[in-house]
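In: sharing a model prediction with you, sequence too.
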Amino acid sequence: MFVLIIILLFSYFAFPPSIAQKTPPELCAGGVHAILIRGQGPGDHLNVMVSMQNLVLQLIPNSSSVALPFHHGGSDHRIVAAEGALMMQDYIRQYVASCPQSKIFLMGYSLGGIVMMDGLCGTSSLWLNPVPGLEPKYNRNGPHLSNFPIIKPTEMEIGKGTERMIAAAAYGEETFIPGMPWNIGTCTNGVGLYPRIHPEWCDPFAASIREYCDTGDNSCCMQYPPIDDGAHFYYIFRYNMDLLHFVQRRLAETPVP
């Protein structure tokens, strides 16, 4: 446990939260503000997520977008995912503080999906460094305990705020488990590389979540006998429009207060 605490603290201070989401009022999104989180690899922070960025900016008027600049080129999933989750949370807090009436759309791909789901729900996979879930005040779907397996909460937090996270989607995300009401795709009897043990920690944000996982993607859908048909690389072609329609519907369901 002591080692995990040291690793988490190191990742926090080695990659301090960005304040880049402080936004002047005239630039606050009237549609949605998309925070896009790419998968592991070198190169720019947007990568294939540019496809969803283009759809959001073109088809949801007055929207904005940012690519989360976490250390996606790092080789250790545990450190990178924890650092990215903390950074994503900070982006959300800063943006909501600057734009209290704007709605947020989170999207992660593969490693970026771990970042998104752990940052939202808290870590409950045995092989990943622990991160507490986002404060439920950013949603209004009910009670939620602070999800930190080392530092226990002193009281229950109640999510009574206005719904901010209107959509949170993951493609090919490695903490996937079957049977969840937010699951989309063909995988029904496989699990991810780092399966989530406490999916109920996601309950405060359940109405906003969509996890896309297809059979043939061994990152999110390991099964026996194994199948690998490259499904991990086709989500943007198969599901981007479905996801866009989900974001549009959620935006319509959660009007500005």
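Out: Received the coordinates, thanks. Residues are numbered from 1 along each chain as shown.

In: isn't residue 106 right up against residue 49?
Out: No. Contact criterion CB atoms under 8 Å: residue 106 and residue 49 do not qualify, at 11.4 Å. Every C-beta, even on glycine, is put in place using the N, C-alpha and C of the backbone.

In: identify the contacts common to the two.
Out: residue 37 (CB atoms under 8 Å, 6 or more residues apart in numbering).

In: in the stretch 151-257 of the chain, which spans are helices?
Out: With DSSP state H, counting those that start in this stretch as the criterion, the stretch 151-257 of the chain has helices at 235-253.

In: can you give me the strands for the stretch 151-257 of the chain?
Out: Ranges of strands within the stretch 151-257 of the chain are 157-159, 165-171, 183-184, 209-212, based on DSSP state E, counting those that start in this stretch.

In: of all these, which lies closest to residue 252?
Out: strand 165-171 (9.6 Å; CB to CB).

In: can you give me how far the closest one is from the chain middle?
Out: Mean-position distance between strand 165-171 and its chain equals 6 Å (CA atoms, centre = their mean, to the nearest Å).

In: C-alpha coordinates for it, CSV please?
Out: C-alpha atoms of strand 165-171 as CSV (Å, rounded to 0.1, in the frame of the first residue of the first chain):
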residue,chain,number,x,y,z
MET,A,165,-21.1,15.3,-17.6
ILE,A,166,-23.8,14.7,-20.1
ALA,A,167,-21.9,12.1,-22.0
ALA,A,168,-18.8,9.9,-21.3
ALA,A,169,-17.8,7.4,-23.9
ALA,A,170,-15.0,4.9,-24.2
TYR,A,171,-13.8,2.8,-27.2
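
In: packing partners for it?
Out: Counting contacts by 3 or more CB pairs under 8 Å, 6 or more residues apart in numbering; DSSP states H and E, strand 165-171 is packed against strand 103-109, helix 111-121, strand 209-212, helix 235-253.

In: tell me which element the closest residue to residue 118 other than its chain neighbours is part of?
Out: Nearest residue to residue 118, sequence neighbours excluded (CB to CB, 6 or more residues apart in numbering): residue 85, at 4.4 Å. Using DSSP states H and E, residue 85 sits within helix 77-98.

In: and that helix, what other elements does it pack with?
Out: Counting by 3+ CB pairs under 8 Å, 6+ apart, helix 77-98 packs on helix 2-14, strand 32-37, strand 103-109, helix 111-121.

In: ok and it relative to helix 111-121, angle-wise?
Out: 60 degrees (axes from the mean of the first three to the mean of the last three CA atoms, to 10 degrees).

In: show the average pLDDT along helix 77-98.
Out: The average pLDDT within helix 77-98 is 94.

In: so residue 106 and residue 49 - more neighbours on which side?
Out: Taking neighbours as other CB atoms under 10 Å, residue 106 and residue 49 compare with residue 106 leading, 30 against 24.

In: that one: what's it in contact with?
Out: Neighbours of residue 106 in contact, by CB under 8 Å, 6+ apart: 34-35, 37, 88, 92, 116, 120, 165, 167-169.

In: try it again with 7 Å
Out: When contacts are counted by CB atoms under 7 Å, 6 or more residues apart in numbering, residue 106 touches 35, 116, 120, 165, 168.

In: report how many residues lie close to the closest residue to it other than its chain neighbours.
Out: Distances taken as CB to CB, 6+ apart place residue 168 nearest to residue 106, at 4.2 Å, with adjacent residues excluded. Residue 168: 29 surrounding residues under other CB under 10 Å.

In: residue 168 pairs with what?
Out: residue 106, residue 209 (DSSP bridges).

In: pLDDT at it, what is it?
Out: Looking at residue 168, its pLDDT reads 97.
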